[in-house]
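Asker: let's see this in three dimensions:
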Amino acid sequence: MSPEARPLSRRSLLRAGVAGTTAALGLGAAGCGFSAGPDPEPGESGEEPIDVKVDGDLVYFNWADFVDPAVFEGFSKEYGVKVIQSNYDSMEGMAAKLNAGNRYDIIFPTAKWAQRLTAGGRLRALDHSRLRNAEAVFGGYAYFADPWYDAKSAHTVPFTMYKTGIGWRKDRLGDLTGSWQDLWNARAKGRVFVLDDRDEVLGLGALKHGLDVSTEDPDDLKTITETLRGLRPRLRGFSSDSYNNLLNGNADMTQAWSGDMAAMLAQAEDPNVFGFEVAREGAPVNSDCYAIPANAQHPGTAMLFIDYMLRPENVKKNIEYIGYPMPVRGTEDTYSALVEPFPQCQVSAGDLKDDLYYRNATAAGERARDAAWTEVKAG
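Answerer: Next comes the predicted model:
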């Protein structure tokens, strides 16, 4: 298959900007409307724990192409249900559908959006003791037992993990230095892309100066925008299709998500001409979650689906299909084998603890970050 005919990256267009995110879920008050105090345990808020049984077909809402079709087929056959799929191309798009009253049984928010949804009362509490395979997650990855975005993971189960770094063409540029400064490489000028994503681009500018990746401080944002202004003339553009830009030769270098780089390996005629590095100044990390909306019509089927997805044999299939590691104990070797040419795609428990997740800002902070992003894109 020619490079031009290859499918879009599985992360293409998925993180395009976050303007208006505070309003998208009705979280416009100071602090994004997050409630104070600990989240209730499953059942403590008067909500009955979900009965884990088939209660209808599964209405599924996720990024496109993020579950192996063979896994869907196996689930449908085992439980005698249909999987009715819908896809979104951004977290904002997901929120808009939820706000419009659309009903889904399972969704897959990123960490900061899981926090927004939980704070807005949009997610069902999940009793992990009712999931036979949950121990392989929470017993193997202590970080997720009480993550910052969902106290005690009371409303979520982690789905995937990934980090952000730099992908490049070794055949054109040779070796890089292992720094975000590599994006300023004179040899790559005019053939460099950064992600079309506010947090990721502001984040690389922040890390170059040792600042918090989610900073909303005006002085910090000024420093970041001035730094990125120096990069702007060197760019070919903003694009979240790092996968294809490298494969088809549009890019010599690109900011990239680790999972996209891993997925690219299956398409590359010669993986040795590509490289992926995480910068010594810091690599942002993120994760997607399984979550059941508060208005789900078939939450019992959704719980069965989560448990089915957590079976090691299904985790391994899905890792090989999507290129992203899944935090389930006993599946690490599958991902290690997949990313052998790009070992820095690995996401470890230590990476998760480095506090390089993108966090929700205050309402004023979101506006400030949106303004900085607009300035960066305008050049």
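Asker: give me the below-cutoff pLDDT ranges for the stretch 151-300 of the chain.
Answerer: Low-confidence segments of the stretch 151-300 of the chain (pLDDT under 70): none present.
Asker: what pLDDT, on average, does the longest helix along the chain get?
Answerer: When the chain is scanned for its longest helix (criterion: DSSP state H), the result is helix 363-378. Mean pLDDT, helix 363-378: 96.
Asker: enumerate the positions of that helix that are buried.
Answerer: A363, G365, E366, A368, R369, D370, A372, W373, E375, V376 (16 or more other CB atoms under 10 Å). C-beta: built from backbone N, CA, C; applies to glycine.
Asker: can you give me the helices in the stretch 1-150 of the chain?
Answerer: In the stretch 1-150 of the chain, the helices defined using DSSP state H, counting those that start in this stretch lie at 21-24, 69-79, 91-99, 111-119, 135-138.
Asker: what's the closest of those helices to D150?
Answerer: Set against D150 and scored by CB to CB, the helices of the stretch 1-150 of the chain come closest in helix 111-119, at 5.4 Å.
Asker: report the angle between that closest one and helix 91-99.
Answerer: Relative orientation of helix 111-119 versus helix 91-99 (axes from the mean of the first three to the mean of the last three CA atoms, to 10 degrees): 20 degrees.
Asker: helix 111-119 packs against which elements?
Answerer: Other helices and strands packing on helix 111-119, by 3 or more CB pairs under 8 Å, 6 or more residues apart in numbering; DSSP states H and E, are helix 91-99, strand 285-290.
Asker: what comes up buried for the first one?
Answerer: Right, the one you point to is helix 91-99. Under the neighbour-count criterion of 16+ other CB under 10 Å, helix 91-99 has M91, E92, G93, M94, A95, K97, L98 buried.
Asker: next one: stretch 217-228
Answerer: Buried residues in stretch 217-228, defined by neighbour count with 16+ other CB under 10 Å: D220, L221, T223, I224, T225, T227, L228.
Asker: again, but for stretch 254-262
Answerer: T254, Q255, A256, W257, S258, G259, D260, M261, A262.
Asker: tell me the one of these nearest Q115?
Answerer: Nearest to Q115 among the buried residues of stretch 254-262, counting by CB to CB, is W257 at 20.2 Å.
Asker: which strand residues bridge the closest one?
Answerer: Counting by DSSP bridges, W257 is bridged to T164.
Asker: now do the contacts for it.
Answerer: If a contact means CB atoms under 8 Å, 6 or more residues apart in numbering, then W257 has R11, Y162, K163, T164, L195, S242 as its contacts.
Asker: how many neighbours does the fourth one have?
Answerer: Other residues within reach of T164, judged by other CB atoms under 10 Å, total 25.
Asker: how far away is it from V339?
Answerer: T164 sits 15 Å away from V339, taking CB to CB, to the nearest Å as the criterion.
Asker: for V213, same thing?
Answerer: In this structure, V213 and V339 are 23 Å apart, going by CB to CB.
Asker: nearest spatial neighbour of G230, skipping sequence neighbours?
Answerer: The spatially closest residue to G230, leaving aside those adjacent along the chain, is W184, at 7.4 Å (CB to CB, 6 or more residues apart in numbering).
Asker: now do V278
Answerer: G165 (4.1 Å).
Asker: give the contact list for that neighbour.
Answerer: By CB under 8 Å, 6+ apart, G165 lies in contact with Q255, A256, S258, M261, F276, E277, V278, A279, A283, Q344.
Asker: list just the nearest of these to A114.
Answerer: Using CB to CB, the contacts of G165 come closest to A114 at S258, 20.0 Å.
Asker: and the closest one, what is it in contact with?
Answerer: With contact taken as CB under 8 Å, 6+ apart, S258 is in contact with Y162, K163, T164, G165, F276, V278, Y324, V339, F342, Q344, C345, V347.
Asker: what number of residues lie near the first one?
Answerer: Read that as Y162. Neighbourhood size, Y162 [other CB under 10 Å]: 25.
Asker: and the fifth one, by the same measure?
Answerer: The local packing of F276 (other CB under 10 Å) involves 26 other residues.
Asker: what helix or strand is it on?
Answerer: Assessed by DSSP states H and E, F276 sits inside strand 274-277.
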